[in-house]
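Peer 1: Following is a predicted model, sequence given first.
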Amino acid sequence: MKLIGIGSCVPERVVTNDELSQYVDTSDEWIVTRTGIKERRLTLGQNTSDLGSIAAQRAIDMAKIKPEEIDLIIVSTVTPDYFTPSTACVIQKI
């Protein structure tokens, strides 16, 4: 196995701790000191496979290869589009 390209994609919508504290009884300081989290991302209609497909295309572009040259897609997520088929299969189809 050889890693020749990487790609990433995150939703554009940023939710800060200060914004979250408007809805939940918490504060930026409380969240940061206990978790280290300063912000999170929120999708506006995108599925995990949508973001994964963009990341995959970026990795393909970096590696300067054709999609047909890829033997294996591994996706690790706690937010799959479906239970089955796997998100990796959905990305492979796209």
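Peer 2: Nice, I can see it.

Peer 1: Now Leu51: closest residue in space, sequence neighbours ignored.
Peer 2: In space, not counting the residues next to it along the chain, Leu51 is nearest to Cys9; the distance is 4.5 Å by CB to CB, 6 or more residues apart in numbering. (C-beta placed from N, C-alpha, C; glycine too.)

Peer 1: could you check the distance from that neighbour over to Ala59?
Peer 2: 10 Å (CB to CB, to the nearest Å).

Peer 1: ok, the residue nearest to Leu51 touching Asn47?
Peer 2: No - with contact defined as CB atoms under 8 Å, Cys9 does not reach Asn47; the gap is 11.7 Å.

Peer 1: Between the two ends of stretch 40-54, how far is it?
Peer 2: Using CA to CA, to the nearest Å, the span of stretch 40-54 from its first residue to its last is 19 Å.

Peer 1: which ones are touching Ile74?
Peer 2: Contact analysis of Ile74 by CB atoms under 8 Å, 6 or more residues apart in numbering lists Ala88.

Peer 1: Let's verify it: helix, strand, or coil?
Peer 2: When the structure is split into helix, strand and coil by DSSP: H, G, I helix; E, B strand; the rest coil, Ile74 lands in coil.

Peer 1: cool, and Val14?
Peer 2: What three-state DSSP gives for Val14 is strand.
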